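*Asks:* how would this look folded up:
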Amino acid sequence: MTEAPVPILMYHSVATAPNDATRALSVAPEAFSEQMALIDGLGLTPVSTGDLAAGWRSGRPLPPRPVLITFDDGYEGVHRHALPVLAKHGFAATLFVSTGWIRGAYDAGDALDTMLDWDQIREIAAADVEIGGHSHTHPQLDQLGDERLRHELAHCRDIVTDELGSAPVSFAYPYGYSSRRVREAVRETGYAQALAVGNALARRRQGPYALQRVTVRRSTGIEEFERLVEGRSIARHFARDRALTKGYAMVRRARQVRRKAIRSRV
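*Replies:* You can find the predicted model right below:
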């Protein structure tokens, strides 16, 4: 069984001219193409989120040097720019969709940029890309009450099932935020595994509902990208991100305590 850590790459938008809201977490099409060529040249094997988790869960062997390519939210550039590159290399990937941001009948109108529509998502799914859930309206799930939390999870899963004909088995937490309560709700909703952020390599011991990813940004140069996929210097590279994440986690926990105290007095 593959026990070695696995790099899970987290992408968002792939765009030539992203707007201000998505620019920092976007990747230029040329950069994405160069990054995929590097993965191919290094002999890494892209697998889906479901395949990685199933392999670690069952002990089924994984291919040599696995890597995951994941996209969050559902931006239109995944179809326009990323899909042809993935197809060229024969790469598997996973797209996590926020169903209330996807163009079509369920669009809640709060998307940050131009999003995919369901016909495009069906084309992506037909090209060896796993479609996972990413909530309905992309909230900070750990800040929601139980009723809305379960609605965000279940409504997303139901829409993807209705549109694609099969239920999503993988989930990615919006903003990477979760808690024991959120992870339990994700499991009870029917997702078999879920991805956080963490900016660290994924390891089997993290458990299927807290697998870590590393962020790929517009500022990620090709040398930095090579270090990420080879698992080198990740802690140093993301030191500032981790410090900010820990600080904000304390703020979120304080907010949760205040809300519980207010509810108990009502």
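*Asks:* Which parts of the protein are helices?
*Replies:* Counting by DSSP state H, the chain has helices at residues 29-41, 49-58, 77, 83-89, 118-125, 146-164, 180-189, 222-229, 234-237, 239-265.
*Asks:* I'd like to know which of those has the weakest mean confidence.
*Replies:* If the helices of the chain are sorted by mean pLDDT, helix 239-265 sits at the bottom with a mean of 47.
*Asks:* picking up where we left off before, pick the most deeply packed of the helices of the chain.
*Replies:* Among the helices of the chain, judged by mean count of other C-beta atoms under 10 Å, the one packed with the most neighbours on average is helix 77 (a mean of 26). Heads up, the C-betas are built off the backbone N, CA and C, glycines and all.
*Asks:* if we look at that one, which residues are touching it?
*Replies:* For helix 77, the surrounding residues in contact (C-beta atoms under 8 Å, 6 or more residues apart in numbering) are 13-15, 26, 29.
*Asks:* Return the closest of those residues with respect to D73.
*Replies:* Closest approach to D73 among those (C-beta to C-beta): S13, at 7.7 Å.
*Asks:* D113 versus the closest one, what's the distance?
*Replies:* 6 Å (C-beta to C-beta, to the nearest Å).
*Asks:* With neighbour numbers in mind, choose between these two.
*Replies:* S13 (28 against 19; other C-beta atoms under 10 Å).
*Asks:* that older thread, relative to Y209, which of the helices of the chain is closest?
*Replies:* Y209 lies closest to helix 180-189 among the helices of the chain, at 4.3 Å (C-beta to C-beta).
*Asks:* Who are the packing partners of the closest one?
*Replies:* Packing contacts for helix 180-189, counted by 3 or more C-beta pairs under 8 Å, 6 or more residues apart in numbering; DSSP states H and E, involve helix 146-164.
*Asks:* Residues touching the helix it packs on, excluding its own?
*Replies:* In contact with helix 146-164 (C-beta under 8 Å, 6+ apart) are residues 97-99, 106, 118, 121-122, 125, 131, 133-137, 139, 141, 144, 167-168, 171, 181-182, 185-186, 189-191.
*Asks:* what's the nearest residue to S48 once chain neighbours are set aside in contact with, if anything?
*Replies:* For S48, ignoring the flanking residues on the chain, the nearest one in space by C-beta to C-beta, 6 or more residues apart in numbering is E130 at 4.1 Å. By C-beta under 8 Å, 6+ apart, the residues touching E130 are 48-50, 92-95, 169-170.
*Asks:* try 7 Å
*Replies:* 48-50, 94, 170 (C-beta atoms under 7 Å, 6 or more residues apart in numbering).
*Asks:* Which strand residues bridge it?
*Replies:* Beta-bridge pairing for E130 (DSSP bridges): T94.
*Asks:* what does V6 give?
*Replies:* In this entry, V6 is beta-bridged to A202, by DSSP bridges.
*Asks:* I figured it hits L52, correct?
*Replies:* Yes - with contact defined as C-beta atoms under 7 Å, V6 reaches L52; the gap is 6.4 Å.
*Asks:* list the residues that contact both of these two?
*Replies:* Jointly contacting V6 and L52 under the rule C-beta under 7 Å, 6+ apart are 66, 68.
*Asks:* how close does Y177 get to P139?
*Replies:* Going from Y177 to P139 by C-beta to C-beta gives 9 Å.
*Asks:* D51 now?
*Replies:* Counting by C-beta to C-beta, the gap from D51 to P139 is 29 Å.
*Asks:* With A172 instead?
*Replies:* With C-beta to C-beta as the criterion, A172 and P139 are 13 Å apart.
*Asks:* cool, and V14?
*Replies:* In terms of C-beta to C-beta, V14 sits 24 Å off from P139.
*Asks:* What residues are bridge-paired with L195?
*Replies:* A172, L211.
*Asks:* Next one: M115 relative to A108, how far apart?
*Replies:* Taking C-beta to C-beta, one finds M115 at 11 Å from A108.
*Asks:* more neighbours, these two?
*Replies:* Neighbours were counted for M115 and for A108 using other C-beta under 10 Å; M115 has more, 23 against 13.
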